[in-house]
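Student: Need coordinates for the below:
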Amino acid sequence: MKKRNPLHRRFFSVAERTRRYQRSLFFILFFGVFLSSCSGRSNEVVAPTMIPASTEFTFKQYEIKTGIAKHQTVLTGFLLGGDCAEIVMVNIEENDNRRLRIYAFSDDTWTSRLDATLRPEVLFVDVINIGGRDRLITYEQGRLNWFDPDSAKERVLVEVTTNYNATGESGVPYVDISRDVNYDGLDDLVVPDIDGFWIATQLPDGSFTAPIKLGPPDPFLDKIALDDSRSYREVGITPLTVHWYLSRVHQMDYDQDGRSDLVFWNADHFDVYRQDTHGMFSTVAETFTVDIPFDTDGAYSIAFDFSGENMFSLIFGFRKNTKRRVLHTFRDLNGDNVADLVIHSLEGRSLGKQRSLYEVHFGTPTSNRIVFARDVSMTIRPRGTAGGLQPWGYSSQWLEDLDGDGDIDILFKDVKTGLVGMSRAMIGKSIAIDLEFYRMENDRHPDKPTTMRKIRPDLDIFEKDRVFFPVVLLGDVNGDGRADLLVGKHWEELHVFLGVPGPELLARKPQKIAVAMPNDERNARLVDLNKDNKQDLLIYYPSSTDPHRVVLLIAR
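Tutor: Model (predicted):
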C-alpha cells in the first residue's frame, strides 16, 4: 500500500497527548519552527453546499472501538489480501505486552479479524509492500521482522542494528523506514543510524539485498540542542529525531543515466552513491562540490545554534539577529527533468519568528553530471515568519503537484505566532494558520503567492481544558486528480475545499462535514482505503476513561 502522503504518520498515546497539550502552546506559539469490540454503525454524511455534479462527493462514516490500552499506534495496509485496507492497531497493554489487532471491512461493517501478541522486544513498526502485498514490519535490536498473518508469527526480514532509543511515552511508534530509493516501483528499506544509513533494496521476488551502510555520520552528534543536557549522540534516534536524520537522505539522477542516485552532504562536499543497472548502489562514494554558499544540511541544524542561550531572549527576540543557510532539497522545480538545488535561508532574532527565503539554483546536465547555477535562478519568499525545524506538522512546506498538471507546486503552512496569534490562542483557545500557494506557470513559480488562505477557526473563550489546533490536510478526496484542502473549522465540523482548475486552485466555498475533530490534530490523516484513487479520512480518538475509537470517512 502506498504511503507517500506527507501526512501519513504515527498517532499519539493518551498520556503523550496530555503532555503535548501542556507544552503545545509554548512550543507552537514561541518555538513555532521547533516542534476488541467493534461497532458497525454507519451513516451518510452529506455536504450541504450544492456544487456541480461532476465534483460532488460524500463521505460515509464508520466507527471502530479499538479497546483500552496504555498506548495505541494506528496504521493501515492491505495485509490480508482484500480489496479494502485493514486498520492495524499496535497496543501496549497494561501489563506492557505488545498486542496486535487487525480490523477488516466486510458486509458494510468493520470487525476484528486478527488478535496476536508481538515479541516484547519490538521497538517500532511500519507497513511496507513486499512482493506485491503489504506487510507489518517490526524492529527489535539487531533485526527487522515481518508479521505473517497466516501463522500469527514474526519472521526475520533483514538483520540490521541501529542506535534507536525508545522513549517511555512513545509506546511502539510508527517509523517510516521505507522509500523507493532506486525508482523501480518497489519499497526499499532506509534505516537511519547515527553514523550513516542502512540501505536494503527490494528485489523482484520480494527478498531484500543485504543492508549496506551509506552516507556520513550526523554532523551534530557532539552538539547540544537548545537547553537539552545531553548531546545529540546521547539522545540517539528517537520517534522525534528520526525525522531529522531521514531529512539528510537526498535522491537525484546525478549522472543523468536515467537512474536515481543517493546523495549526502558531508562537511564541505557532497557524497554520491551511484545506482547500477541492477538497482543497487555503489558502496564507494564519488564526490562533488558546488559554488553555492550554505552552512549545512537540514533546517533542524538551527536547534544547535542556540545552545546555552537565555530562553527569554530567544523566545522574545532580545538578542542579535542571526542568519543560517541550509540545504533544503534537490528537486526539479522548472519542469526540465533535471534536479535543481534548493537553499533555505532562515533569519531572525526570535526562534519563533524566523523569516524564510528559498533560493533555487537550476541544474544543467553535462556529459556525466549535473552542474548547478552559481547565481540564484529563482527566489521564493514566503510571507510567514515561522519557518520550520521539523519536516512535519505546523510551519512546513509541501512540494507537490496540486492541480494535476504534472508540474510541482509549492504550499507553505504558517502558524501565526505574533501578538495577535498568541492572544487568540490563549484567550480564544484557537490557533490561526495561513496557507500560501505558489502554482508553477511557464516552468517557473511566481514571486508572490498564486493564492492564499487564512484559516481562522471559531473562537471559544469559555473553553478551559484544550486549545483547538485545526486539522489541515491536503489530498484528492473526489478523484478528479486535484488536491483538495480539508480544514477543521471547530470541534464538530470539517470544511472541505475542493480543488479547481486555474490559479485559484481551491473552491471559494467549502463543503461542510459534521464530524468531531481530534484533540491532537496529528491524529487525523488521509489514506486511500479502497483503491478508488480517492483519499479517505481516518481520525483517531484516544481516551483516558473509555475505549479508544477510530472514525473512518470513506469518500464516495
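Student: Which SSE is immediately downstream of the worst-scoring helix or strand of the chain on mean pLDDT?
Tutor: Within the chain, confidence by mean pLDDT, DSSP states H and E is lowest for strand 42-46 among all helices and strands, at a mean of 37. Note on strand 42-46: by DSSP states H and E, the next helix or strand toward the C-terminus is strand 58-67.
Student: Spell out the residue ranges of the helices in the stretch 351-500 of the chain.
Tutor: 419-428 (DSSP state H, counting those that start in this stretch).
Student: any weak-confidence spans in it?
Tutor: 351-352, 385-395, 417-419 (pLDDT under 70).
Student: what about residue 115, which SS state?
Tutor: strand (DSSP: H, G, I helix; E, B strand; the rest coil).
Student: same question, residue 233
Tutor: Assignment for residue 233 (three-state DSSP): helix.
Student: In contact with it, which residues?
Tutor: Applying Cβ atoms under 8 Å, 6 or more residues apart in numbering, we find residue 233 in contact with 194, 221-222. C-beta coordinates here come from the backbone N, C-alpha and C atoms, glycine included.
Student: could you redo the last one with a cut-off of 10 Å?
Tutor: 163, 194-195, 217-218, 220-223 (Cβ atoms under 10 Å, 6 or more residues apart in numbering).
Student: now swap in residue 228 and tell me
Tutor: Residue 228 neighbours (Cβ under 10 Å, 6+ apart): 234-235, 303-304, 307.
Student: so what's the nearest residue to residue 189 once chain neighbours are set aside scoring on pLDDT?
Tutor: Distance criterion Cβ to Cβ, 6 or more residues apart in numbering; nearest residue to residue 189, sequence neighbours excluded, is residue 200 at 4.2 Å. In this model, residue 200 is scored at 98, pLDDT.
Student: so who does residue 200 touch?
Tutor: Contacts of residue 200 (Cβ under 10 Å, 6+ apart): 144, 157-160, 177, 181, 188-191, 207-212, 280.
Student: again, only using 6 Å
Tutor: Listed by Cβ atoms under 6 Å, 6 or more residues apart in numbering, the contact partners of residue 200 are 158, 189, 208-209, 211.
Student: Now do the helices in the stretch 201-350 of the chain.
Tutor: Under DSSP H, counting those that start in this stretch, the stretch 201-350 of the chain gives helices at 232-235, 242-246, 311-316.
Student: Kindly reformat the ones you listed as CSV containing mean pLDDT and distance to residue 497.
Tutor: Shown next, in CSV, are the helices of the stretch 201-350 of the chain (pLDDT from 0 to 100; distance: least, Cβ to Cβ, whole Å):
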stretch, mean pLDDT, distance to residue 497
helix 232-235, 92, 39
helix 242-246, 92, 28
helix 311-316, 70, 34
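Student: With residue 447 as the reference, name the closest of these.
Tutor: helix 242-246 (30.3 Å; Cβ to Cβ).
Student: Give me the buried stretch members for the closest one, please.
Tutor: 242-246 (16 or more other Cβ atoms under 10 Å).
Student: Other residues contacting the helix or strand harbouring residue 154?
Tutor: Using DSSP H and E, residue 154 falls within strand 153-160. With contacts defined as Cβ under 6 Å, 6+ apart, strand 153-160 is touched by 119, 138, 143-148, 191, 198, 200, 208, 211.
Student: which two of these lie the greatest distance from each other?
Tutor: 148 and 198 (22.9 Å).
Student: more neighbours, these two?
Tutor: Neighbour count, other Cβ atoms under 10 Å: between residue 148 and residue 198, residue 198 has more, with 21 against 13.
Student: Quick one: the strands in the stretch 251-400 of the chain, in order.
Tutor: Ranges of strands in the stretch 251-400 of the chain, per DSSP state E, counting those that start in this stretch, are 261-266, 269-273, 286-288, 296-297, 322-331, 340-348, 355-361, 363-365, 370-372, 378-380, 396-400.
Student: residues making contact with the fourth one?
Tutor: The set of residues that contact strand 296-297 without belonging to it, under Cβ under 6 Å, 6+ apart, is 248, 265, 326-327.
Student: contacting residues for the closest residue in space to residue 290 that isn't next to it in sequence?
Tutor: With Cβ to Cβ, 6+ apart as the measure, residue 372 is the residue that lies nearest to residue 290, at 5.2 Å, once sequence neighbours are left out. For residue 372, the contact set (Cβ under 6 Å, 6+ apart) comprises 290, 341, 361, 363.
Student: what does residue 68 give?
Tutor: residue 547.
Student: gap between it and residue 413?
Tutor: Taking Cβ to Cβ, to the nearest Å as the measure, residue 68 falls 34 Å from residue 413.
Student: What of residue 305?
Tutor: When residue 305 is compared with residue 413 (using Cβ to Cβ), they lie 23 Å apart.
Student: who has more neighbours, those two?
Tutor: When residue 305 and residue 413 are compared for neighbours, residue 413 comes out ahead with 22 against 15, by other Cβ under 10 Å.
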